[in-house]
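Student: fold the stuff below for me.
(chains A and B)
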Protein chains: 2
Amino acid sequence: MIEVKDAIKLIEENVSVSDIKKTELNRCLNYVLADDIKSPIHLPPFRQSAMDGYAIKISDSKVYKVVGESKTGHPAPIQINEDEAVRIFTGAQVPDTADTVVIQEHVEVNDNKITIHKLPEKKANIRKVGEQIKKNEVALLKGHVINEASIGFLAGMGIDGVKIYKKPRVCIITTGDELIEPGKKLKPGKIYESNSIMLKVALKRLKITKVGIFKVKDTLEKTKDVIKKCLKKYDVLLISGGISVGDYDYVKEAMEVNNIHEIFYKVNQKPGKPLYFGKKKNQVVFALPGNPASSLTCFYIYVLPALRKMMGYSNIHLTKKKVKAPEEIPNNTGKSLFLKASAGNNKIKILEGQSSSILKSFAHSNALLYISSENKIVRKGEIVEYFDLNF
Amino acid sequence: MIEVKDAIKLIEENVSVSDIKKTELNRCLNYVLADDIKSPIHLPPFRQSAMDGYAIKISDSKVYKVVGESKTGHPAPIQINEDEAVRIFTGAQVPDTADTVVIQEHVEVNDNKITIHKLPEKKANIRKVGEQIKKNEVALLKGHVINEASIGFLAGMGIDGVKIYKKPRVCIITTGDELIEPGKKLKPGKIYESNSIMLKVALKRLKITKVGIFKVKDTLEKTKDVIKKCLKKYDVLLISGGISVGDYDYVKEAMEVNNIHEIFYKVNQKPGKPLYFGKKKNQVVFALPGNPASSLTCFYIYVLPALRKMMGYSNIHLTKKKVKAPEEIPNNTGKSLFLKASAGNNKIKILEGQSSSILKSFAHSNALLYISSENKIVRKGEIVEYFDLNF
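Tutor: Just a heads-up that it's a prediction; the model follows:
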């Protein structure tokens, strides 16, 4: 049995970053850039008017003759002399010989002449070539997590695809003779299976949507077979249940037979003690406790960072935040605790129903309060840490 | 022209909640429950062992005869007398006549007899019927945002679908002759179109994935037609560009012709002044500024809450957080400012490149610092508010 911090460290050390793949821009949200991006163009690519108004070659004169129009989206090959102006719109090209744009609110128009009430400074209202970014300048660095603005920024440089880290292929294997699918009728001794769908949606939040789900009976042979099959197709195996010490738990043996190398088994924590983490080359295997709340806790604390590391994230863990303990929290278990809690406005509330089989409190929580195994008692008001589940 | 806070209020008042639809559980992540959910069963549905061990009828005796086995997933019709025990596993049914489970670590086995080293208290290690939730008890309330744990909780009650608020159908209309699709060759006077893909991925983050995209030339006729067409199919129209006062801006007229009722036009803010919000019965129309950073700011502050209100969220706005101003911030614009910033660990950094055409700084920001129009200067260290872009 190892401590929480050691388990976390072993995962960080043993998981490798995924392969790289070039991907269409509109499929890149929340992915991580696998390459520095340099701008292929100057942005803006030409001198652009920042306002609706008139482009002029500035002088002391207040009266200019309008000799043409520069529309947004069209080239402006017009040449102007002093005392001449060109009607221009936001985003349109400023004629080469013009040096200033005067905004329309400062102009009176009579026939083909304009009179300027308020002369701007020279070069006003013109966006310079490359003002936003110059050709070949680095726009975004490798490791950048792509958000909406990045997508807009990349598209604005004319880039329609980038190299990102692939997401791992994940399968969920649920074990247990007692499990019945939701929607069907419950039979004596059975319970509804909830872990696979819960883990599936947790993966969905990480943008991992193609997930294999396999149900297996509690026998060594069947468990061995399904693991063998999954190792052929998936990068990550999540095995739900069947890992505690009961006589009917074949999972551990089935993993050994399949040459999965155990990195750790059992963590000194509550909930989630019987957590297993193993490896076969770059493939990783987690066996999660069958109890739903334990399973989900282990997912957030151990599986999520492993998956994020694979996807190229540099911040792989849930954000840890500090808060004052709302009450005295005794910890006479000798284990590290993850308590389901509701956090907000620099406060935290520990929810009722911390038992590892209970999901109701988890459904209402947005935080896991962490108490280390060495900490025998937390006094009210003492600073404690929690993991923020809003990711 | 109206103030930011009035614009926000008008959106809150004028947007209605969407219709309700029954949906499969695995498609419900991040949706909002449209109905209270009562448990159709007791959970657990039978008395369940919480550990691997032996079920007994407790007495002063330390020696019990093993008369049977209760496997997880199978009914346990076994009756026991005093001095008898049943081998049992985690999650398995406790025989009716047993009252206590002793864990296997406290037991020595000899042939078909067990000797208990450490007698547990009566009723120990048994999960009571309905301990997690009782039949007909309210499990989750209307308005609850469905997370992974909720999905697991609902599945555990055997529920395979729930009523949620529908997501609105959204279309993006981009106007502008100057726009070229990313990936194609840039021509004189043209720029790459980035708003539609940026807005599309912003919608994707809100789980709105079926989005219509329409490009329209800068003419009144074409703009009128596309709006008419979109009003037949979509709940929300996002029109990008063409809303400022330039001669080539037909959008406003095209909306009037289509009987869209203007709620407001122009907000006293920077960036994003020429924002338009209108309505036709329950359909809403936003015309967003063409500048990418302005467009995205307006999306976060105005469009996002409208969409979230439609989807049944009670917290519709981005989370507002307080932080100390990292520097003196003068505001001599007379406008409310939204400054692109990077926030974390109770600190905030205002990024360079605040111009409305610049997305580079936005790509690196996770916060919009808000300075109200009335606030002429913020002193260093003064408390300011920002909108958290991690949603």
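Student: need the CA coordinates for the lengthiest helix in chain A. CSV is fine.
Tutor: Secondary structure of chain A read by DSSP state H shows that its longest helix is helix A:220-233. Output in CSV follows, covering the C-alpha atoms of helix A:220-233 (Å, rounded to 0.1, in the frame of the first residue of the first chain):
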residue,chain,number,x,y,z
LEU,A,220,-10.8,-15.7,-14.7
GLU,A,221,-11.1,-17.0,-18.2
LYS,A,222,-13.5,-14.3,-19.4
THR,A,223,-11.6,-11.5,-17.7
LYS,A,224,-8.3,-12.7,-19.2
ASP,A,225,-9.8,-12.8,-22.7
VAL,A,226,-11.4,-9.3,-22.6
ILE,A,227,-8.2,-7.7,-21.3
LYS,A,228,-6.2,-9.5,-24.1
LYS,A,229,-8.7,-8.2,-26.7
CYS,A,230,-8.6,-4.6,-25.3
LEU,A,231,-4.8,-4.5,-25.3
LYS,A,232,-4.9,-4.9,-29.0
LYS,A,233,-7.1,-1.8,-29.6
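Student: quick one: mean pLDDT over the following helix or strand past that helix.
Tutor: Using DSSP states H and E, the helix or strand that follows helix A:220-233 in sequence is strand A:236-240. Averaging pLDDT along strand A:236-240 gives 96.
Student: just the residues contacting strand A:236-240, thanks.
Tutor: Strand A:236-240 has contacts (Cβ atoms under 8 Å, 6 or more residues apart in numbering or on different chains) with A:168-175, A:195-196, A:199, A:227, A:230-231, A:251, A:276, A:283-288, A:290, A:295, A:299, A:303, A:306-307, A:310. Every C-beta, even on glycine, is put in place using the N, C-alpha and C of the backbone.
Student: what about 7 Å?
Tutor: Where contact means Cβ atoms under 7 Å, 6 or more residues apart in numbering or on different chains, the residues beyond strand A:236-240 that reach it are A:168, A:170-175, A:195-196, A:199, A:227, A:230, A:251, A:284-288, A:290, A:295, A:303, A:307.
Student: which of those are buried?
Tutor: Under a neighbour-count criterion of 16 or more other Cβ atoms under 10 Å in any protein chain shown, the subset of the contacts of strand A:236-240 counted as buried comprises A:168, A:170-175, A:195-196, A:199, A:227, A:230, A:251, A:284-288, A:290, A:295, A:303, A:307.
Student: how about stretch A:183-194: buried residues?
Tutor: Residues A:186, A:189-194 are the ones in stretch A:183-194 that count as buried (16+ other Cβ under 10 Å).
Student: turn the residues you listed into TSV, including pLDDT.
Tutor: What follows is the buried residues of stretch A:183-194, written out as TSV (pLDDT from 0 to 100):
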residue	pLDDT
A:186	89
A:189	86
A:190	90
A:191	88
A:192	90
A:193	90
A:194	90
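Student: how about residue A:156, nearest residue that isn't a chain neighbour?
Tutor: Leaving aside its chain neighbours, residue A:156 sits nearest to residue B:194 (4.0 Å; criterion: Cβ to Cβ, 6 or more residues apart in numbering or on different chains).
Student: try residue A:67
Tutor: Counting by Cβ to Cβ, 6+ apart, residue A:67 lies nearest to residue A:84, which is 4.8 Å off, once chain neighbours are set aside.
Student: contacting residues for residue A:211?
Tutor: Counting by Cβ under 7 Å, 6+ apart, residue A:211 has contacts A:170-172, A:200, A:203.
Student: mind checking which of those residues land in helices?
Tutor: Secondary structure assignment by DSSP H places A:200, A:203 of the contacts of residue A:211 in helices.
Student: how about the residue nearest to residue A:48 when sequence neighbours are not counted, phi and psi?
Tutor: Excluding the flanking residues, the one nearest residue A:48 by Cβ to Cβ, 6+ apart is residue A:127, at 4.2 Å. When quoted as degrees, to the nearest 10, the phi and psi of residue A:127 stand at phi -90, psi 120.
Student: and residue A:127, how many neighbours?
Tutor: Here the count is done by other Cβ atoms under 10 Å in any protein chain shown, and residue A:127 has 21 residues near it.
Student: for residue A:46, see how far away it is.
Tutor: Distance of residue A:127 to residue A:46, given as Cβ to Cβ, to the nearest Å: 9 Å.
Student: looking at chain A, which helix or strand is least sure?
Tutor: strand A:179-180 (a mean of 87; mean pLDDT, DSSP states H and E).
Student: walk me through which strands that strand pairs with, and which way each runs.
Tutor: Paired neighbours of strand A:179-180 in the sheet (DSSP bridges): strand A:191-192 (parallel).
Student: please compute how far the partner strand lies from its chain's middle.
Tutor: Relative to its chain's centre, strand A:191-192 lies at 32 Å (Cα atoms, centre = their mean, to the nearest Å).
Student: I figured residue A:71 hits residue A:89, correct?
Tutor: Yes. Counting by Cβ atoms under 7 Å, residue A:89 is a contact partner of residue A:71 at 6.3 Å.
Student: looking at those two, which is more packed in?
Tutor: More neighbours surround residue A:89 than the other of residue A:71 and residue A:89, with 23 against 20 (other Cβ under 10 Å).
Student: where does that one land on pLDDT?
Tutor: 89.
Student: try residue A:72
Tutor: Residue A:72 is assigned a pLDDT of 84 by the prediction.
Student: what does the one 10 residues further on give?
Tutor: Looking at residue A:82, its pLDDT is 90.
Student: that one touches residue A:60, doesn't it?
Tutor: No. No contact is recorded between residue A:82 and residue A:60 when judged using Cβ under 7 Å, the distance being 9.9 Å.
Student: so if I had to pick from these two, which one is more boxed in?
Tutor: The residue with more neighbours, out of residue A:82 and residue A:60 and counting by other Cβ under 10 Å, is residue A:82; that gives 12 against 6.
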